[in-house]
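Asker: Below are the sequence and a predicted model; questions follow.
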Amino acid sequence: SAGPGSHGFTAEIQPSPDPFAKFSIEHRGGSNPFFAWAGNRESLRFRAKLQARPVAELLWVRGKLPPVTNSRGMRVSMWVQRRLDYLNVDYAVRGSNTAAVEHVFLDLQTRFGQALRLVRIYGDEEPDFEVVFRSGRLDGREIPALVTTLRALGRGALRS
């Protein structure tokens, strides 16, 4: 873990909240002129290792088609592309029962969508769970509800 500084911090939470075996938070500050120039303002990144391999996977990146649509390395044929029309959001899911993870993803989009940048639950890479926010758009009072939602997303990924 890197301590707090002008450019941010990284912290591993111990014990990890259920359903995670590992859980870390990284905050990248906006005071670094390079990140401001690149349009990569403050970010809050949650990375985790689930207690088991996810049975329901989900990929979403703000403003882009899900990565599986143009990737040769992933088992593309197993992914299903979905769309939330009223939120103008395209995402992809994989697994035999993705309803729980999709339900929590909708909640995440509805509650934190303006700040949300990436959601990746993907068992073929480490970490297998990653959610990124633009922290300048989050209210600090929302963090407990956000962590509760992330835990529900993790539980949905493990539900068969």
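Answerer: Arrived safely, thanks for sending. Residues are numbered from 1 along each chain as shown.
Asker: only C-alpha atoms for contact and neighbour calcs from this point on.
Answerer: Will do.
Asker: Any idea which residue is closest to the centre of this protein?
Answerer: V131 (1.8 Å; Cα atoms, centre = their mean).
Asker: Now do the contacts for that one.
Answerer: Listed by Cα atoms under 8 Å, 6 or more residues apart in numbering, the contact set of V131 reads R45, F46, R47, L116, R117, L118, V119, R120.
Asker: dump the residue contacts of the first one.
Answerer: Contacts here follow Cα under 8 Å, 6+ apart; on that basis R45 touches I25, E26, H27, E130, V131, V132, F133.
Asker: Would you mind listing where this protein has pLDDT under the threshold?
Answerer: Within the chain, the ranges that satisfy pLDDT under 70 run 1-7, 30-41, 67, 69-77.
Asker: which one's the longest helix in it?
Answerer: Using DSSP state H, we find that the single longest helix of the chain is helix 143-158.
Asker: Can you point out the buried residues in that helix?
Answerer: L146, T149, L150, R151, A152, L153, G154, R155, G156, A157, L158 (16 or more other Cα atoms under 10 Å).
Asker: Tell me how many other residues crowd the closest residue to the last one other than its chain neighbours.
Answerer: In space, L158 comes closest to P54 once its chain neighbours are excluded; the distance is 5.0 Å by Cα to Cα, 6 or more residues apart in numbering. Other residues within reach of P54, judged by other Cα atoms under 10 Å, total 24.
Asker: for F9, same thing?
Answerer: For F9, the tally of surrounding residues (other Cα under 10 Å) stands at 16.
Asker: That one belongs to a helix, doesn't it?
Answerer: No: judged by DSSP: H, G, I helix; E, B strand; the rest coil, F9 forms no part of a helix; its state is strand.
Asker: Closest one of the contacts of V131 to R94?
Answerer: Nearest to R94 out of these is R120 (Cα to Cα; 11.6 Å).
Asker: Grab the nearest non-local neighbour of the closest one.
Answerer: Closest residue in space to R120, ignoring its immediate chain neighbours: L59 at 4.7 Å, by Cα to Cα, 6+ apart.
Asker: The one you found: helix or strand, and which one exactly?
Answerer: Assigned by DSSP states H and E, L59 falls within strand 56-61.
Asker: who does that strand touch, helix- and strand-wise?
Answerer: Judged by 3 or more Cα pairs under 8 Å, 6 or more residues apart in numbering; DSSP states H and E, strand 56-61 is in contact with strand 89-95, helix 99-112, strand 116-121, helix 143-158.
Asker: Columns distance to R137 on top of the ones you listed, output as TSV?
Answerer: Output for these, formatted as TSV (distance: least, Cα to Cα, whole Å):
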stretch	distance to R137
strand 89-95	19
helix 99-112	9
strand 116-121	9
helix 143-158	12
